[in-house]
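>>> Sequence plus the predicted model coming up.
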Amino acid sequence: MSVQVAWDDQAHRILHYKMDGRWRWNELYEAVKEGHALNSDTSHDVYAIVNLEHSLGVPPSAMAQFGTLSTLTRPNTRVVVFVAGGGFVSALIKTFNRVYHGAGVQSCWVATLADAYALIAREQMLASRVKGA
């Protein structure tokens with residue numbers, strides 16, 4: 001399978017979706033089901049990384065598929081971070097956020113996996129401050 005999902009950390013706060021080579025939307029939907037199963041017993045905030053570092057592009061109909069995927073996130077998913085994929089994926093996420101503003105979960109794009117971890121750390125710190133206030 002060209003799309004795999006697993007917990008990225010022992011605290012079960014980061015789900016890591018890895019796209020490898022040429023993948024299809026049905027493979028991503030299957031991985032999302034697996035991610036939901038992994039996340040079914042958690043009540044704390046969860047962050048998702050969609051890692052496109054080893055992907056050979058995004059299949060057609062991305063905007064429509066992203067719209068559908070945004071409705072499938074669990075309530076405790078805070079941010080979905082797309083990694084790599086270049087300017088096309090960056091523009092796609094920006095457009096998606098404009099079109100689907102307020103629907104589903106916050107999505108963003110970063111260039112590297114290290115950037116994704118840094119962004120998630122900032123989001124976790126911000127969330128803990130808000131909850132502590």
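Good, I have the coordinates. Numbering: from 1, shown residues only.
>>> Could you count how many residues lie near the nearest residue to Trp25 once chain neighbours are set aside?
Nearest non-adjacent residue to Trp25, counting by C-beta to C-beta, 6 or more residues apart in numbering: Gln65, 5.2 Å away. C-betas here are computed from N, CA, C, even on glycine. When counting by other C-beta atoms under 10 Å, one arrives at 15 neighbours for Gln65.
>>> From Glu53, how far off is Ala111?
10 Å (C-beta to C-beta, to the nearest Å).
>>> Touching both of the two, which residues are there?
Val83, Ala84 (C-beta atoms under 8 Å, 6 or more residues apart in numbering).
>>> hmm, back to that, wait, is the residue nearest to Trp25 part of a helix?
Yes - secondary structure of Gln65, determined by DSSP: H, G, I helix; E, B strand; the rest coil: located in a helix.
>>> residue contacts, it?
Here Gln65 is in contact with Trp25, Leu28, Pro59 (C-beta under 8 Å, 6+ apart).
>>> of those residues, the lowest pLDDT goes to which?
Lowest in pLDDT among the contacts of Gln65 is Pro59, which has 91.
>>> ok so, going back, from the contacts of Gln65, list the buried ones, please.
Among the contacts of Gln65, those classed as buried by 16 or more other C-beta atoms under 10 Å are Trp25, Leu28.
>>> Adding distance to Val89 and secondary structure as columns, could you present the contacts of Gln65 in CSV?
Below are the contacts of Gln65 laid out as CSV (distance: C-beta to C-beta, whole Å; DSSP: H, G, I helix; E, B strand; the rest coil):
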residue, distance to Val89, secondary structure
Trp25, 15, helix
Leu28, 14, helix
Pro59, 12, coil
